[in-house]
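Peer 1: model this:
(chains A and B)
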2 protein chains.
Amino acid sequence: MTASVHPFPARRAPSLDPLMSLVATDLNHVNSVILERMQSEVPLIPELAGHLIASGGKRMRPMLTLAAARLLDYAGARHHKLAACVEFIHTATLLHDDVVDGSGLRRGRRTANIIWGNPASVLVGDFLFARSFELMVEDGSLRVLRILSNASATIAEGEVNQLTAQRQVEISEDRYLDIISAKTAALFAAATRIAAVVAEREEAVETALESYGRYLGIAFQLVDDAIDYSSDETTMGKDQGDDFRDGKVTLPVILAYARGSDADRRFWRQAMSGERAGDADLAHAFGLLKSTEAIADTLDRARHYGQRAIDALGSFAPSAARAAMVETAEFAVARAY
Amino acid sequence: MTASVHPFPARRAPSLDPLMSLVATDLNHVNSVILERMQSEVPLIPELAGHLIASGGKRMRPMLTLAAARLLDYAGARHHKLAACVEFIHTATLLHDDVVDGSGLRRGRRTANIIWGNPASVLVGDFLFARSFELMVEDGSLRVLRILSNASATIAEGEVNQLTAQRQVEISEDRYLDIISAKTAALFAAATRIAAVVAEREEAVETALESYGRYLGIAFQLVDDAIDYSSDETTMGKDQGDDFRDGKVTLPVILAYARGSDADRRFWRQAMSGERAGDADLAHAFGLLKSTEAIADTLDRARHYGQRAIDALGSFAPSAARAAMVETAEFAVARAY
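Peer 2: The predicted structure follows:
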């Protein structure tokens, strides 16, 4: 016994460290599958895919598949290939998103569409998507194939839904939640759910993990939306106010619009239709977001979904895996504070 | 007995009529599946997809699935859903192709990317592709899933390969055949092959039908390449010389280049790099294609593959289905004469 006692140590800020430690070995296997299976006799394919895949993404979704498999004490190796499938689908959607949004920067690097052009980004995205299904077929589970093909269709529907809502500042919070549930949360939900399939667990386990992934995905997206109005390029790898300049209506804007005066609403309508994209306009937007507490309440909504993600894990016995998944949800909502 | 005798009636020109008659009833079922399953709660999806799907395409690939199933006396209904899958994959690749090529006209109508923009075309293509896999999962055959996921990856590889070969007039005939085998013939081959799977026939039958589809697809593509240098908008639904103006190196150009003088080669290099895209340049190209017999020999190559498609059916007993499939191959190469 030492003389120094720390009865109430300050709890460290939530981080992804427990998740990353938990799955580190498995993730190496996943990365091997990814590198091996993104190859092609057509050199541009691994070149372009590798640019994004090796660009320092966290591999969030495959890590969640691996963590959920660990939670269920799964002892096999099928989840390595399937986690790679999830990452391929994610990469394909990022490649297409950057074309759709005309993005030039992601994670602080020039996007593939800027370097190799839109056509190559579209086609390599198609390749990765098809390759993902080839890998699923190799695994051989129709149940996994159903979950990931449903998720893929849902993602595309969500993206089209977002496209048609673009610049429409009057969309409801409900419609916005529908959009992000589809375009973002569906793949998180599928990533965690397939772990229950490979571990051959009952429907209730599948449903619990599906809920965890879905709520976590919504929380991540809402915090991303808030961060877009507070980050600078060094912390986010994208420019502050990107969503604002692109006329992308996210929850902070929906709340600020709903709570604003007639003059405020006129401003938001003009801003989202692209008529107010200057630095002074962005500064004015910051002021409105602050006075309406739109950012703070977006983060409150995110906390709500983060808590629901944590509660979805309530039926699982305490374990390092559960603790890591809980802290991941805490991290999702804490990183903006 | 009548007085008029016609001992040697002139054989009518080969047509798609026997194929269309053979599968007409089945095709109605396929069209129902297509219309039902391209629906979505996001209205832009059926609107945009319907524009292309209802635009008077022949449904060539699904018709081939249906004809091959008839050839094998398949009595079930699984092929209706799977033929719709094939058409969805085809439609998805057309939507993405038009974005990649910057096309404005297909089958005589404005393309979806012109009407709704590139982003919507990319995303609705993604949706149809994912929906296609959902339908395959409903059917439940891992073997079909493998054939169509392999074909999808091969198509994307072929498209990327073609992109990297764009404007490179010195590519070999072999590489060009690799490209069209992947981007065009792979889906024809998969379309006919899956009929053997649903009919639960042995490997040799699968292989024979795969060969028929592959060679037929190559023949169709080569004739399309030739027609691009001879059609006008009313017959093809695309502008004469589109490939020329886009710097798309097809077999006629490869042959004319290989057989040309130094001056001719200089012309082709300049033309394919976009420096000679005027009407006078196109007229000069026609002259070179004629003097080198490049069009005639492209059609000769097409005839070769058409004959191989027909020979691939040699092991099947004579039937209305076989006759229709033979005449389809004859039509593929005869339509340009």
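Peer 1: Now for A:Val249, how many residues are close by?
Peer 2: Number of residues near A:Val249 (other CB atoms under 10 Å in any protein chain shown) recorded here: 26. For glycine as for every other residue, the C-beta is placed from the backbone atoms N, C-alpha and C.
Peer 1: closest point of the stretch 201-337 of chain A to chain B, which residue?
Peer 2: A:Asp246 (11.6 Å; CB to the nearest CB).
Peer 1: can you give me the helices in the stretch 151-300 of chain A?
Peer 2: Counting by DSSP state H, counting those that start in this stretch, the stretch 151-300 of chain A has helices at residues A:173-180, A:186-198, A:203-227, A:233-236, A:242-245, A:251-259, A:262-272, A:279-291, A:294-312.
Peer 1: roughly how far is stretch A:54-68 from the heart of the chain?
Peer 2: Put simply, stretch A:54-68 sits 10 Å off its chain's centre (CA atoms, centre = their mean, to the nearest Å).
Peer 1: How about stretch A:307-320?
Peer 2: Using CA atoms, centre = their mean, the offset of stretch A:307-320 from its chain centre is 20 Å.
Peer 1: Equivalent analysis for stretch A:67-74, please.
Peer 2: Taking CA atoms, centre = their mean, one finds the center of stretch A:67-74 at 21 Å from the center of the full chain.
Peer 1: Put the alpha carbons of it into PDB.
Peer 2: The C-alpha coordinates for stretch A:67-74 follow below in PDB (Å, rounded to 0.1, in the frame of the first residue of the first chain):
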ATOM      1  CA  ALA A  67     -16.300  -5.900 -31.400                       C
ATOM      2  CA  ALA A  68     -19.800  -7.400 -31.700                       C
ATOM      3  CA  ALA A  69     -18.300 -10.800 -32.600                       C
ATOM      4  CA  ARG A  70     -16.100 -10.500 -29.500                       C
ATOM      5  CA  LEU A  71     -19.100  -9.600 -27.400                       C
ATOM      6  CA  LEU A  72     -20.700 -12.900 -28.500                       C
ATOM      7  CA  ASP A  73     -17.500 -14.900 -27.800                       C
ATOM      8  CA  TYR A  74     -17.400 -15.900 -31.500                       C
END
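Peer 1: Give me the buried stretch members for it, please.
Peer 2: Neighbour counts over stretch A:67-74 (16 or more other CB atoms under 10 Å in any protein chain shown) mark A:Ala67, A:Ala68, A:Ala69, A:Arg70, A:Leu71, A:Leu72, A:Tyr74 as buried.
Peer 1: returning to that earlier point: got a list of what the spatially closest residue to the residue of the stretch 201-337 of chain A closest to chain B that is not a sequence neighbour touches?
Peer 2: Leaving aside its sequence neighbours, A:Asp246 sits nearest to A:Asp101 (CB to CB, 6 or more residues apart in numbering or on different chains; 6.3 Å). Neighbouring residues of A:Asp101 by CB atoms under 8 Å, 6 or more residues apart in numbering or on different chains: A:Asp246, A:Lys248, B:Pro119.
Peer 1: pretty sure A:Phe220 is touching A:Lys183, no?
Peer 2: No - if you go by CB atoms under 8 Å, A:Phe220 and A:Lys183 don't touch, sitting 12.0 Å apart.
Peer 1: shared neighbours, those two?
Peer 2: Joint contacts of A:Phe220 and A:Lys183 (CB under 8 Å, 6+ apart) do not exist.
Peer 1: coming back round to it: save the helices of the stretch 151-300 of chain A as TSV, and put in mean neighbour count too.
Peer 2: Below are these laid out as TSV (neighbours: other CB atoms under 10 Å in any protein chain shown):
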stretch	mean neighbour count
helix A:173-180	18
helix A:186-198	27
helix A:203-227	23
helix A:233-236	12
helix A:242-245	20
helix A:251-259	22
helix A:262-272	16
helix A:279-291	15
helix A:294-312	20
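Peer 1: quick one: which of those helices is nearest B:Ala196?
Peer 2: For those, distance to B:Ala196 was read as CB to CB. The smallest value, 29.7 Å, belongs to helix A:186-198.
Peer 1: Confirm A:Ala75 sits in a strand?
Peer 2: No - according to DSSP: H, G, I helix; E, B strand; the rest coil, A:Ala75 belongs to no strand; its state is coil.
Peer 1: Kindly state the pLDDT recorded for it?
Peer 2: Per-residue pLDDT puts A:Ala75 at 96.
Peer 1: ok, now A:Gly57?
Peer 2: Reported pLDDT for A:Gly57: 82.
Peer 1: In three-state terms, label it for me.
Peer 2: Applying three-state DSSP: A:Gly57 is coil.
Peer 1: thinking it is in contact with A:Met63, fair?
Peer 2: No - with contact defined as CB under 8 Å, A:Gly57 does not reach A:Met63; the gap is 10.6 Å.
Peer 1: So for those two, which sits in the more crowded spot?
Peer 2: Higher neighbour count among A:Gly57 and A:Met63: A:Met63, with 26 against 16, using other CB under 10 Å.
Peer 1: Surely that one touches A:Met20?
Peer 2: Yes - A:Met63 is in contact with A:Met20 according to CB under 8 Å; the separation is 7.1 Å.
Peer 1: helix, strand or coil for the nearest residue to A:Ile34 once chain neighbours are set aside?
Peer 2: Leaving aside its chain neighbours, A:Ile34 sits nearest to A:Ala84 (4.9 Å; criterion: CB to CB, 6+ apart). Secondary structure state of A:Ala84, per three-state DSSP, is helix.
Peer 1: where's A:Ala84 relative to chain B, distance?
Peer 2: Distance of A:Ala84 to chain B, computed by CB to the nearest CB, to the nearest Å: 14 Å.
Peer 1: Give me every residue in the stretch 101-250 of chain A lying close to chain B.
Peer 2: A:101, A:118-120, A:122-124, A:126-127, A:129-131, A:133-134, A:136-137, A:140, A:142, A:145-146, A:149-150, A:152-153, A:155-157, A:159-161, A:163-164 (CB under 8 Å from any CB of the partner chain).
Peer 1: looking at chain A, which helix or strand is least sure?
Peer 2: helix A:233-236 (a mean of 44; mean pLDDT, DSSP states H and E).
Peer 1: Next up, the contacts around A:Ile295.
Peer 2: Counted by CB under 8 Å, 6+ apart, A:Ile295 has contacts A:Ala226, A:Tyr229, A:Ser230, A:Pro252, A:Leu289.
Peer 1: quick one: contacts for the last one?
Peer 2: So the one you mean is A:Leu289. Applying CB under 8 Å, 6+ apart, the residues contacting A:Leu289 are A:Tyr229, A:Pro252, A:Val253, A:Ala256, A:Ile295.
Peer 1: Just the strands from the stretch 1-150 of chain A, written as ranges.
Peer 2: In the stretch 1-150 of chain A, the segments counted as strands under DSSP state E, counting those that start in this stretch are A:105-106, A:109-110.
Peer 1: got the contact list for A:Leu142?
Peer 2: B:Val137, B:Gly140, B:Leu142.
Peer 1: now that we have the contacts of A:Asp101, which one has the most neighbours?
Peer 2: B:Pro119 (21 neighbours).
Peer 1: what about the closest residue to that one other than its chain neighbours, how many neighbours?
Peer 2: Take B:Pro119 and drop its neighbours on the chain: the residue closest to it by CB to CB, 6+ apart is A:Val100, 4.0 Å away. When neighbours are counted by other CB under 10 Å, A:Val100 registers 25.
Peer 1: hang on, the earlier thing: quick check: neighbours shared by A:Met63 and A:Met20?
Peer 2: A:Leu27.
Peer 1: any idea which of the contacts of A:Asp101 is least confident?
Peer 2: A:Asp246 (84).
Peer 1: Can you give me every residue that contacts A:Pro14?
Peer 2: A:Pro14 sits next to A:Glu327, A:Glu330, A:Phe331, A:Ala334 when contact means CB under 8 Å, 6+ apart.
Peer 1: any idea which helix or strand carries the first one?
Peer 2: If you go by DSSP states H and E, A:Glu327 is part of helix A:320-334.
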